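S.K.: Take this sequence and fold it.
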Amino acid sequence: MTRQRAAGILLHPTSLPGSFGIGDLGERAYAFIDFLVAAGQALWQVLPLGPTGYGDSPYACFSAFAGNPLLVDLHRLAAEGDLETAELNHTPQFPDDQVDFGPVIDFKSGLLDRAAARFGETASADRKSEFHAFCDESAHWLDDYALFRALKDDHVGAVWNTWDWPLASRQPDAIKQARSDLATDIFSHKYRQWQFFRQWADLKHYANEHAIRIVGDVPIFVAYDSADVWAHPELFHLDHHLTPTRVAGVPPDYFSPTGQLWGNPLYRWKSLARQDFRWWTDRIRQTLRTVDTIRLDHFRGFAAYWDIPAGEPTAVNGRWVKGPGKALFHALRNALGDVPIIAEDLGFITPDVRQLRDQLGLPGMNVLQFAFSTDPENTYLPHNVVPNSVVYTGTHDNDTTLGWQAACDKEERQRLEAYTGPITEPLNWLFIRMAYQTVCHTAIVPLQDVLGLDSDARMNAPGRFGGNWGWRFKPHDLTPQHAQRLLTLAIASARKKLPRPTDDEDPFADYHPAEEE
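M.R.: Now for the predicted structure:
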C-alpha cells in the first residue's frame, strides 16, 4: 500500500449504469475511470468480485477464486461474435436505479449459455487457444468450481450437502461420471470465467494506465455453500456428515444484544498451517490478478475469532479462539512478497489485534460516522487518527452520510457541531473535506456521499433480510461539477500532486548558497 497521500471512491461494479439491469465491465466502467482521473482520484475500491449466492451478497460467494459472470459485458460478446446483436434487442425493461437480481440472473445466464455454445461451435483457433490456456492455468480452482456450479444447476440450486452422498463426498467414480454427464454446462461456466477475467484484465489495465489503482476486498470467511468448502472439506470444521460444527459470528455488543450469527464454517487453522497455508496463498495470489491492494475484511479474526457451536440460535454462546496470527502473513510474504493490504480493523478491537496490525505494518481503517458517538478520545475523530491508516466517510455497511445525519441522536449531533462548528454546507461534503484533511495517507468516499444521497441509496444494512446490494446510480448522476469539486479538495489537501515546475518556472532554480569562507 502506497504511503503517498491519495484519495479514492468506493463503488462496486454492479452499481454502475448499464443496459442489462446491472452494472458491468463495459463502456460505463471505463467512463467511471475517466471520472476518477478528472476528479484527481488515485483509487477505485470495489467489494468482493466473486459469483454471489443466496442473498446476492458479494460476501457470500460460490467461490473465493471465481469472478462474477453477471459483470460480463454482453455488448463485447456480440462484438466478438459469441452473441448476435438481435439477441440483445429483447432485453427486458429493468429498473435503472436498482438491481433486480432474480430476473437479471435469469436473463444474463441464458445469454451467457448461448454465447458459450456459439463460441464452442464457431470461435477461431486463436480464441479457442486463449480459452484453453486460461483453463489450464486456472485448473487448480476452475475445474472444481465449474463442476460445482454445473452440479448446483442440475440440483436446481440445492446446497451441496443435500446432493447424493457420492457427489457431496466427492467419490471419484461419481465425480468422473458427473464431469461426463454435465460437460456442456461445465464448459459454459468455464467460458463465463474466461470472459470475466479477460474483460476485467482489460479494465484494470486501462485503470492502471491512467494511474488508478484498484482496491479489492477479501472476506476472511467463505460461504458454506461454495466450491471452496465442497472441494476442501478437510480445511473446515465439518463433521462426518460434512455439516459445520463450528461457525463464525461476532459476540453481543452495544449494537446487538445477541451478537451476529454469520454461519460461515470456521477454518481448521492447524490443518492449513501444516500445508503452509497453501490454500490462502493461492487465494491471495488469485485476488492480486484482479486488484492492486487488498482490503482484508474482519482482520481481527486473524488474531482471535468468535467461535459459535453450530445450531445455536444466536451468537451469544460463543468463545474467543486464537487465530493464525503472524504465521499466516509470514507464509504469504514468503510466497508472494510484500502484499499490499488494508486491515479492516473495525468493531470489537482488542490490544492483540492492534499489536498484530502494527507488527505487520498494515494500515487500519477509520470511519467518520463512528467518530462522534463518544468523547474526544474517540479513535475515529480526525485529531486522533494516524498517518498509516485509511479514512472513510462511511463503508458499504454504513448508511450514507446524509442518512446517518438524519438518524443520529441529539447527543451525537451536539458532539458533531461542537467539533465542526456551525454546519454551513451539506454534511456529505463537510465529511469529505474532513476526511481529505486528516493525516491518513488514504481517504476513500462511497460514491453515494459524493452524490449527496440519503438512506434510499444505502448499499447494505447488516442484519436486514433482503433489499441489500442493489443500489445503482444513473448515467447522468455524475457531473463535471462533482469531478471539479473533488479535484479542488484533492489538490488543496495534497492528495493530488500538481506537476513540479520546470527549471525555467522555479524561482529557486539558481539558488546555490556559497560555502562559508
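S.K.: Please give me every residue in contact with residue 443.
M.R.: By C-beta atoms under 8 Å, 6 or more residues apart in numbering, residue 443 lies in contact with 6, 7, 8, 390, 391, 392, 435, 436, 493, 495. No exception for glycine: its C-beta is placed from N, CA and C like everyone else's.
S.K.: cool, and residue 196?
M.R.: 25, 66, 67, 68, 69, 71, 72.
S.K.: Report the buried residues of the particular helix or strand that has residue 128 in it.
M.R.: In this structure, residue 128 sits in helix 125-137 according to DSSP states H and E. For helix 125-137, burial by neighbour count (16 or more other C-beta atoms under 10 Å) applies to 131, 134, 135.
S.K.: how about the helices in the stretch 201-350 of the chain?
M.R.: Using DSSP state H, counting those that start in this stretch, the helices of the stretch 201-350 of the chain run over 227-231, 269-274, 278-287, 300-303, 326-336.
S.K.: Could you export those helices to TSV, including columns for distance to residue 442?
M.R.: As requested, the helices of the stretch 201-350 of the chain are arranged in TSV below (distance: least, C-beta to C-beta, whole Å):
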stretch	distance to residue 442
helix 227-231	30
helix 269-274	30
helix 278-287	19
helix 300-303	20
helix 326-336	20
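S.K.: closest one to residue 411 among these?
M.R.: helix 300-303 (27.3 Å; C-beta to C-beta).
S.K.: Now do that closest one, average pLDDT.
M.R.: Throughout helix 300-303, pLDDT has a mean value of 98.
S.K.: now stretch 340-348
M.R.: The predicted confidence, averaged over stretch 340-348, sits at 95.
S.K.: Show me which residues of that stretch are buried.
M.R.: 340, 341, 342, 343, 344, 345, 346.
S.K.: Ok, stretch 431-439 next?
M.R.: Of the residues in stretch 431-439, 431, 432, 433, 434, 435, 436, 437, 438 count as buried by neighbour count, 16+ other C-beta under 10 Å.
S.K.: Can you verify the fifth one is assigned to a strand?
M.R.: In this case it means residue 435. No - the assignment for residue 435, made by DSSP: H, G, I helix; E, B strand; the rest coil, is helix rather than a strand.
S.K.: what would the buried residues of helix 125-137 look like in TSV with pLDDT and distance to residue 57?
M.R.: Formatted as TSV, those follow (pLDDT from 0 to 100; distance: C-beta to C-beta, whole Å):
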residue	pLDDT	distance to residue 57
131	98	30
134	98	27
135	98	28
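S.K.: Of those residues, just say which sits nearest to residue 419.
M.R.: residue 134 (52.4 Å).
S.K.: got a list of what the spatially closest residue to residue 251 that is not a sequence neighbour touches?
M.R.: Of all residues not flanking residue 251 in the chain, residue 259 sits nearest, at 4.7 Å (C-beta to C-beta, 6 or more residues apart in numbering). Contact partners of residue 259, counting by C-beta under 8 Å, 6+ apart, are 249, 250, 251, 252, 253, 306, 314, 315, 316, 318.
S.K.: and the contacts of residue 443, which are buried?
M.R.: With burial judged by 16+ other C-beta under 10 Å, the buried subset of these is 6, 7, 8, 390, 391, 392, 435, 436, 493, 495.
S.K.: Leaving out chain neighbours, which residue sits closest to the second one?
M.R.: Closest residue to residue 7 in three dimensions, ignoring its sequence neighbours and counting by C-beta to C-beta, 6+ apart: residue 495, at 4.2 Å.
S.K.: SS state for residue 66?
M.R.: Going by three-state DSSP: residue 66 is coil.
S.K.: That one contacts residue 144, doesn't it?
M.R.: No - taking contacts as C-beta atoms under 8 Å, residue 66 lies outside contact range of residue 144: 10.0 Å.
S.K.: Mutual contacts of these two, please.
M.R.: By C-beta under 8 Å, 6+ apart, the residues touching both residue 66 and residue 144 are residue 227.
S.K.: so where's the stretch 301-450 of the chain uncertain?
M.R.: The stretch 301-450 of the chain contains no residues with pLDDT under 70.
S.K.: ok so, going back, can you tell me how far the residue nearest to residue 251 sits from residue 348?
M.R.: Applying C-beta to C-beta, to the nearest Å, the value for residue 259 to residue 348 is 10 Å.
S.K.: tell me, what's touching these two both at once?
M.R.: With C-beta under 8 Å, 6+ apart as the test, residue 259 and residue 348 both reach 250, 251, 253.
S.K.: most surrounded residue in those residues?
M.R.: residue 250 (21 neighbours; other C-beta atoms under 10 Å).
S.K.: I'd like to know how far the closest residue to it other than its chain neighbours sits from residue 494.
M.R.: Closest residue to residue 250 apart from its sequence neighbours, by C-beta to C-beta, 6+ apart: residue 260 at 4.8 Å. According to C-beta to C-beta, residue 260 stands 39 Å off from residue 494.
S.K.: what about the residue lying closest to residue 229 once chain neighbours are set aside, how many neighbours?
M.R.: The shortest distance from residue 229 to any non-neighbouring residue, by C-beta to C-beta, 6+ apart, is to residue 236 (5.5 Å). When neighbours are counted by other C-beta under 10 Å, residue 236 registers 22.
S.K.: got a list of what residue 236 touches?
M.R.: 229, 244, 265, 266, 267, 268.
S.K.: got it, and residue 377?
M.R.: Residue 377 neighbours (C-beta under 8 Å, 6+ apart): residue 384.
S.K.: cool, residue 24 as well?
M.R.: Contacts for residue 24 (C-beta under 8 Å, 6+ apart) come out as 13, 16, 18, 70, 71, 72, 73, 74.
S.K.: If anything else comes up later, I'll come back, but that's it for now.
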